[in-house]
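**Student:** Build me a structure from this.
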Amino acid sequence: MHHFLQTKPEMLSKLFLSFSTLALVIYSYSTVANASEGNTRIGSWCSNTTGFQPQSSYKKDLRTLLNSLASKANESSNGGYYALNTTTVIGASRASESETIYGAFLCWADTCNACVSAAIRDLPPTDCLTDKTALIWYQKCMVLYSNVSFLGEVDKTAFVYSKDSVRASSLTMDVQGYFGTVADNLNELATELSSANNRGGWGAAKYFGTKNVTVSSYIKLYTMAQCMPDLAPSDCGICLTVVISQLPHYCQGSEGCWVLNPSCYARYQNYPFDYITPPSLLSPPLLPTGNRTRSKAHIVNIALGMLVLFFMLLLAILLYLQCIRKNKDPGSIVDIHQRPSYPSIFQAARADFMSIESLEYDLATLQNATDNFSAYNKLGEGGFGSVYKGVLPNGLEIAVKRLSKDSNQGADQLKNEVVFIARLQHRNLVQLLG
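**Tutor:** Numbering: from 1, shown residues only. Next up is the predicted model:
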């Protein structure tokens, strides 16, 4: 068996490929971890009406407000919702000219800090960099700011949506019945959430609810709805009614869809949500979300660092063993570009055939090895005749092809086959002995 020593460029190429693969795995893991934290962006909206100058005090105070929201999202006691406002001076010479900037976030308590921080990094959206009103929705949070008070108000104009790529088809379901069930379930949720007794804490599902029903023997429908906690019960019902009425326009027959506005949202799909209800503030509190996020990130960083170190150590060991092998057995190591060059099987047919005549065995030896070509030792039959199993006096097992006078194959075909077998060089193939 020959050992082949790779040239340095090839080895470096494989090392580069290994590290590239490792980097891709690390990136993929980070992406999945990010999505599991609810940091999947759904969309953004801005009024595109009034703007501010890039160097104005409004921009500076807006950044201060957003930083305050991010800081509050890091507190475990925020209840998944927080609103505040700040006053900014809009006149360069008269301090009396001022306006208020309002801001709020809505989030899932288990990922509040990570999600709100990601949303604030994306604010303002690129399509409204100087707009005074903007909204951004992620899978598990929403951040909103405006120069007009929105607290306790139902917004009926701003909508963000996300829909599945698969449209409901009559080939797989009763489409009319499916969307009829969607409307019924979401309307029931709107009625429930608008009831006065639904004003408990976040953990008591304040303005939040889910439903799931069986549509057919193989389809189950899952629905979800939520309102901003600053709304009155009746306004929550009004907001959800408005959003539900927009489903046909934005969802366009998709099997799953999500329509959101600054005051509420409604969602449906035919597979389970990856989360069901928000963490309860009435039960023992979770670990602080900020510490939890940092702790999780710290653990991930340590794990990835150890993984990289492991691969580097493994590569070093392999290179070391390769060097030892080269020093101990230099004669058995052949450069991959300096393999023995075997003559082509199609070169010099006569010379090739003559070179193997010295390998001939006498008939008596072959008869003795195959028990006189016994039918019991017959392995099969080819174009030139039958093939028999035999054992030479030295114990070597052989296969013997006995040429048939009735064969339609010519001498040239026989010579080519013999030359071909003689030139084959592979450990898993038979060797021509004679």
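
**Student:** list the helices and strands the one helix or strand residue 187 maps to packs on?
**Tutor:** Taking DSSP states H and E as the definition, residue 187 sits inside helix 175-193. Packing partners of helix 175-193 (3 or more Cβ pairs under 8 Å, 6 or more residues apart in numbering; DSSP states H and E): strand 208-214, strand 220-227, helix 233-245, helix 247-251, strand 264-269. Bear in mind the C-beta positions are built from the backbone N, C-alpha and C, glycine included.

**Student:** Just give the closest residue to residue 265, not the sequence neighbours.
**Tutor:** residue 226 (5.9 Å; Cβ to Cβ, 6 or more residues apart in numbering).

**Student:** quick one: the helix holding residue 187 to strand 208-214, angle?
**Tutor:** 150 degrees (axes from the mean of the first three to the mean of the last three Cα atoms, to 10 degrees).

**Student:** Looking at residue 69 now. What's its pLDDT?
**Tutor:** In this model, residue 69 is scored at 91, pLDDT.

**Student:** Surely it touches residue 121?
**Tutor:** No - in this structure residue 69 lies outside contact range of residue 121 using Cβ atoms under 8 Å: 12.0 Å.

**Student:** Report the rounded mean pLDDT for the helix holding residue 187.
**Tutor:** 92.

**Student:** got the angle for it vs strand 264-269?
**Tutor:** 140 degrees.

**Student:** Helix 175-193 vs helix 233-245, what angle?
**Tutor:** Using the same axes, to 10 degrees: helix 175-193 against helix 233-245 is 170 degrees.

**Student:** Now helix 175-193: buried residues?
**Tutor:** 178-179, 181-182, 185-187, 189-190, 192-193 (16 or more other Cβ atoms under 10 Å).

**Student:** what angle do that helix and strand 220-227 make?
**Tutor:** Relative orientation of helix 175-193 versus strand 220-227 (the same axes, to 10 degrees): 40 degrees.

**Student:** List of residues touching helix 175-193?
**Tutor:** 168-169, 198, 207-211, 213, 215, 219, 221, 223-227, 233, 236-237, 240-241, 244, 247, 253, 255, 266, 268, 270 (Cβ atoms under 8 Å, 6 or more residues apart in numbering).

**Student:** which residues sit in contact with residue 48?
**Tutor:** Each residue near residue 48 by Cβ under 8 Å, 6+ apart is listed here: 128, 131.

**Student:** For residue 136, see how far away it is.
**Tutor:** 15 Å (Cβ to Cβ, to the nearest Å).

**Student:** now residue 215
**Tutor:** 33 Å.

**Student:** ok so, going back, highest mean neighbour count out of the helices and strands packed on helix 175-193?
**Tutor:** strand 264-269 (a mean of 24; mean count of other Cβ atoms under 10 Å).

**Student:** Tell me the strands beside the helix or strand residue 137 falls within, with direction?
**Tutor:** Using DSSP H and E, residue 137 sits within strand 134-138. Using DSSP bridges, strand 134-138 pairs in its sheet with strand 41-46 (antiparallel), strand 141-146 (antiparallel).

**Student:** The ones you listed into a markdown table, with extra columns for mean pLDDT and distance to residue 363?
**Tutor:** Output for the strands paired with strand 134-138, formatted as a markdown table (pLDDT from 0 to 100; distance: least, Cβ to Cβ, whole Å):
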| stretch | mean pLDDT | distance to residue 363 |
| --- | --- | --- |
| strand 41-46 | 88 | 84 |
| strand 141-146 | 91 | 90 |
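
**Student:** which stretch among those comes nearest residue 156?
**Tutor:** strand 41-46 (13.0 Å; Cβ to Cβ).

**Student:** helices and strands around the helix or strand just after that closest one, which ones?
**Tutor:** Next helix or strand after strand 41-46 toward the C-terminus (DSSP H and E): helix 57-73. In terms of contacts (3+ Cβ pairs under 8 Å, 6+ apart), helix 57-73 is packed against strand 81-89, strand 98-107, helix 112-121, strand 141-146.

**Student:** got the contact list for residue 105?
**Tutor:** Contact analysis of residue 105 by Cβ under 8 Å, 6+ apart lists 69, 72-73, 81-82, 112, 116, 119, 141-144.

**Student:** which among these gets closest to residue 43?
**Tutor:** Using Cβ to Cβ, these come closest to residue 43 at residue 142, 10.6 Å.

**Student:** For that closest one, which residues are in contact?
**Tutor:** 105-107, 119, 135-136, 260, 262.

**Student:** quick one: average pLDDT of stretch 120-135?
**Tutor:** Here the average pLDDT along stretch 120-135 is 82.

**Student:** Other residues contacting it?
**Tutor:** 41, 44-54, 58-59, 66-67, 69-70, 101, 136, 142-148, 158, 160, 261-262.

**Student:** try 6 Å
**Tutor:** When contacts are defined by Cβ atoms under 6 Å, 6 or more residues apart in numbering, stretch 120-135 is touched by residues 44-47, 50-52, 66, 70, 136, 143-144, 146-147, 262.

**Student:** go on, stretch 229-240?
**Tutor:** 81, 151-152, 154, 190, 193-194, 196, 206-207, 225, 227, 263-264, 266.

**Student:** What distance do you get for residue 240 to residue 252?
**Tutor:** From residue 240 to residue 252 the distance is 20 Å (Cβ to Cβ).

**Student:** same question but for residue 40, I mixed them up
**Tutor:** For residue 40, the distance to residue 252 - Cβ to Cβ - is 21 Å.

**Student:** the more surrounded of those two?
**Tutor:** residue 40 (14 against 11; other Cβ atoms under 10 Å).

**Student:** And for the nearest residue to the more buried one once chain neighbours are set aside, the neighbour number?
**Tutor:** Spatial nearest neighbour of residue 40, chain neighbours left out: residue 139 (4.3 Å); criterion: Cβ to Cβ, 6+ apart. Applying other Cβ under 10 Å, we find 18 residues neighbouring residue 139.

**Student:** just residue 232 next, same as before
**Tutor:** 14.

**Student:** Residue 252: what's its closest spatial neighbour, skipping adjacent residues?
**Tutor:** Using Cβ to Cβ, 6+ apart, the closest residue to residue 252 is residue 163 (7.1 Å).

**Student:** Run a quick neighbour tally on the one you found.
**Tutor:** Counted with other Cβ under 10 Å, residue 163 comes out at 18.

**Student:** now it: how far from residue 249?
**Tutor:** 11 Å.

**Student:** Let me know the next secondary structure element after the helix or strand containing residue 388.
**Tutor:** Taking DSSP H and E as the definition, residue 388 sits inside strand 385-391. Note on strand 385-391: by DSSP H and E, the next helix or strand toward the C-terminus is strand 397-403.
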